[in-house]
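1. Give me coordinates for this.
(2 chains)
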There are 2 protein chains.
Amino acid sequence: MTFDMNQIQRGARLRRSPFFEATQRHGAKAYTVYNHMLFPVCFGDLEEEYWHLLNHVTLWDVSVERQVEITGPDAFIFTDMLTPRDLSKCAVGQGKYVVITADDGGIINDPVLLRLAENHFWLALADSDVLLWARGVALNLGLRVEIKEPDVSPLQVQGPKAKEVMGALFGDPVLKLRYYYFLETRLDGIPVVVTRTGWTGEVGYEIYLRDGAKGDALWERIMQAGRAHHIRPTGPSDIRRVEAGILNWGADMTLENNVYEVGLERLVDRDKRAAYIGKDALQRIQSEGVRRKLAGIEIEGGRIEFNTSKWPVRTGGETVGRVTSAIYSPRLKKNIGYAMLPLAHAALGTSLRVEIPGVGERKATVVSMPFVDPDKEIPKA
Amino acid sequence: MTFDMNQIQRGARLRRSPFFEATQRHGAKAYTVYNHMLFPVCFGDLEEEYWHLLNHVTLWDVSVERQVEITGPDAFIFTDMLTPRDLSKCAVGQGKYVVITADDGGIINDPVLLRLAENHFWLALADSDVLLWARGVALNLGLRVEIKEPDVSPLQVQGPKAKEVMGALFGDPVLKLRYYYFLETRLDGIPVVVTRTGWTGEVGYEIYLRDGAKGDALWERIMQAGRAHHIRPTGPSDIRRVEAGILNWGADMTLENNVYEVGLERLVDRDKRAAYIGKDALQRIQSEGVRRKLAGIEIEGGRIEFNTSKWPVRTGGETVGRVTSAIYSPRLKKNIGYAMLPLAHAALGTSLRVEIPGVGERKATVVSMPFVDPDKEIPKA
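-> Presented below is the predicted three-dimensional model:
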């Protein structure tokens, strides 16, 4: 089934990235929609893009990671209220992977947070309107904060040769960045923030453009520096992120889930003193225990296509859970993914059946995650 | 440029409507994304669908109008705080077209609100996460409210023969509904709410399905009742809604706009006593006056394609505004639309230039709205 771009984009409701023209020029083949924006997800073939990410370096337009910027004299107090992570442990110049939690402990979003100053934060969002959440929360608090969407649009530079490209562009200071740290700099006068982060499990960086008018110039500058290292524009690799056990908000976790269900309990600082939204709920959930868990699964049989709906998981003829992500890993030569399962069916080695629409039932087994050992910075092909 | 469905839908992040299988079976050709869901926007040809809407009756899957449900002893007080409309004037069984406003007067969303009981409201949303806004606002208020997304999915039945179809399905009570009133009923045991509302300026109704498991049964029951009246599944008609002067949130208005800029001042009840979010800001804006206005425009020259970005509006070589929606009306035989313009360039009869990407500059003129006289069927809500 094919779609005409003028119809996906019907009208001017969906926003475009500062890199939109560049992605068109460089042959983006498919877009999805994320945070009300067009998101280029493929420039060629998904498996080719995956191998390129493993062996070379790739450039992604992830402007759809819209930012929420929090400033003002009470910005620290306010931002610290939004997440179970203890932001007093986040230095200026440091980032954190965080969850934004609702009062019932539900996961509103899982952004990368950057602390640009004592009272200056960015949240690089997954696909939900945290700007509205944060402004709603702030409304009756009496704190002195300003909350807005700044003109900031990230790119990702990911893959084993990312260091060479980033070194050529920014020199030593960027190469010395520790994981989840960042620096503010300029490239040919273009203001950017460079972070040592990414959505792959490979070596990777993000370059946050701070002037939407310079999208084209920044894109071409990176492509030029990357040419010697075979840089290639691609979409994010779902194969690689599932191998790494990385979750996708909206698919693998939603507002209906909490961190304990999806294995993100490391994002709760249990000794955090300050009050935060969802603290009571999370303490209760943690002490009572959860009834379901996101588990790693392997699905037997031939190569599957990436799931576009949440496939039923059955045991004894009864539907007990759902596959949230499932994809074929070309290097593992296995179908891997995650399923939300009742605890009784989530133990390692449990045998289940997965119903794949249009294919039929397949045998599946609960396995440990991640699927690729994260000890090595550059996992072997 | 074409897209593969498995890529727009990459992964299971985007939700599906309870009518998804039905829209596939009935040949949906194009989907966009709206409120994190797939939204079928075309089943054939947009102009054919427009004529069918004008002459017969059409069925739309608008499940993407996700609901926010507000209940609890303080539900009236809380919901009344979210909007400049005076909800004390909204009876149980009545709906209102409302804006949800931010503290600075910005338009967060423009839902249809239904009052199901003294303290029971639904908001049928445009494309932003009002669930997060409302839950954030409620957090520190101490009001006894529950705010959630219920299992409710609307369809629209629109066109001059809608009355015949709805009469056949529901009988007299539905035919007696006044504009923006509704009733709760069942169809073959399927629980629904039927409203006298729509996004067309034609005669129309919405049927809100209250049990997601019954999507297929409801869809086929409507198609069956409509067969004698040539009912046809279509997407919403942007041609018809622009003719009617109806705005599309995200394109024609955003969080950056207020009601006075976009001609929705009728949605502010100036004698409303109760406090509401944005009241001070709107009073200030109203007394100071706005600096820009959404104006009707006609664009000269041959038939244009529906704009997929906000086209620049120029005068004297300078870009002064943006076209938010522009489309060719087959019956008016004109290119019509809206542009956000500085007041100095928004007076009726003002001559402007519009830059159409890939086409070039065209002459345009500011005209009055709506483009089609709403004489017959559209009483003011």
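2. Beyond the helix or strand hosting residue A:24, next helix or strand please.
-> If you go by DSSP states H and E, residue A:24 is part of helix A:20-25. Proceeding N to C from helix A:20-25, the next assigned helix or strand is strand A:30-34, under DSSP H and E.
3. how far off strand B:30-34 does that next one point, in degrees?
-> 30 degrees (axes from the mean of the first three to the mean of the last three Cα atoms, to 10 degrees).
4. Please name every helix or strand in contact with strand A:30-34.
-> For strand A:30-34, the packing partners by 3 or more Cβ pairs under 8 Å, 6 or more residues apart in numbering or on different chains; DSSP states H and E come out as helix A:5-8, strand A:37-42, strand B:2-4, helix B:5-8, strand B:30-34. In this view, the C-beta of every residue, glycine as well, is placed from N, C-alpha and C.
5. For residue A:11, which three-state class applies?
-> coil (DSSP: H, G, I helix; E, B strand; the rest coil).
6. how much space between it and residue A:368?
-> Noted for residue A:11: a distance of 46 Å to residue A:368, by Cβ to Cβ, to the nearest Å.
7. And residue A:237, by the same measure?
-> Distance, residue A:237 to residue A:368, using Cβ to Cβ: 21 Å.
8. neighbour count winner among those two?
-> When residue A:237 and residue A:368 are compared for neighbours, residue A:237 comes out ahead with 28 against 10, by other Cβ atoms under 10 Å in any protein chain shown.
9. Tell me where chain A has helices.
-> A:5-8, A:20-25, A:46-55, A:75-81, A:130-138, A:162-170, A:172-175, A:215-226, A:238-243, A:259-262, A:279-288 (DSSP state H).
10. Looking at the ones you listed, which is nearest to residue A:68?
-> helix A:130-138 (5.1 Å; Cβ to Cβ).
11. my read: residue A:78 touches residue A:70, true?
-> Yes. Using Cβ atoms under 8 Å, residue A:78 is in contact with residue A:70, at 6.1 Å.
12. joint contacts of those two?
-> A:134, A:145 (Cβ atoms under 8 Å, 6 or more residues apart in numbering or on different chains).
13. Report how many residues lie close to the residue nearest to residue A:190 when sequence neighbours are not counted.
-> Using Cβ to Cβ, 6 or more residues apart in numbering or on different chains and skipping the chain neighbours, the partner closest in space to residue A:190 is residue A:214 (4.6 Å). Residue A:214 has 19 neighbours, counted by other Cβ under 10 Å.
14. Up against chain B, what does the stretch 101-250 of chain A have?
-> Residues of the stretch 101-250 of chain A lying near chain B by Cβ under 8 Å from any Cβ of the partner chain: A:102-103, A:108, A:127-141, A:235, A:238, A:248-250.
15. These, buried ones only, as a PyMOL selection?
-> Per 16 or more other Cβ atoms under 10 Å in any protein chain shown, the buried members of these correspond to this PyMOL selection:
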select buried, chain A and resi 102+108+127+128+129+130+131+132+133+134+135+136+137+138+139+235+238+248+249+250
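16. chain center to the helix holding residue A:24: distance?
-> How far helix A:20-25 lies from its chain's middle: 22 Å, per Cα atoms, centre = their mean, to the nearest Å.
17. Check stretch A:81-100 too.
-> With Cα atoms, centre = their mean, you get 16 Å for stretch A:81-100.
18. Give me the buried positions along it.
-> Buried positions in stretch A:81-100, judged by neighbour count with 16+ other Cβ under 10 Å: A:81-87, A:90, A:94-100.
19. ditto for stretch A:319-335
-> A:320-329, A:331, A:334-335.
20. do stretch A:273-281 as well
-> For stretch A:273-281, by 16+ other Cβ under 10 Å, it's A:276, A:277, A:278, A:279, A:281.
21. coming back round to it: CA atoms of the helix holding residue A:24 as PDB?
-> Written as PDB, here are the backbone C-alpha positions of helix A:20-25 (Å, rounded to 0.1, in the frame of the first residue of the first chain):
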ATOM      1  CA  PHE A  20      13.600  19.100   5.700                       C
ATOM      2  CA  GLU A  21      14.900  20.500   2.400                       C
ATOM      3  CA  ALA A  22      18.200  18.700   3.000                       C
ATOM      4  CA  THR A  23      16.500  15.400   3.700                       C
ATOM      5  CA  GLN A  24      14.500  15.800   0.500                       C
ATOM      6  CA  ARG A  25      17.600  16.600  -1.500                       C
END
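22. and that helix, average pLDDT?
-> In this model, helix A:20-25 has an average pLDDT of 96.
23. follow-up on the earlier one: need the helices of chain A in JSON lines with distance to residue B:192, can you?
-> Formatted as JSON lines, the helices of chain A follow (distance: least, Cβ to Cβ, whole Å):
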{"stretch": "helix A:5-8", "distance to residue B:192": "29"}
{"stretch": "helix A:20-25", "distance to residue B:192": "41"}
{"stretch": "helix A:46-55", "distance to residue B:192": "41"}
{"stretch": "helix A:75-81", "distance to residue B:192": "41"}
{"stretch": "helix A:130-138", "distance to residue B:192": "29"}
{"stretch": "helix A:162-170", "distance to residue B:192": "54"}
{"stretch": "helix A:172-175", "distance to residue B:192": "58"}
{"stretch": "helix A:215-226", "distance to residue B:192": "47"}
{"stretch": "helix A:238-243", "distance to residue B:192": "38"}
{"stretch": "helix A:259-262", "distance to residue B:192": "33"}
{"stretch": "helix A:279-288", "distance to residue B:192": "34"}
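24. Relative to residue B:307, which of these is closest?
-> Judging the helices of chain A by Cβ to Cβ, what sits closest to residue B:307 is helix A:5-8, at 9.7 Å.
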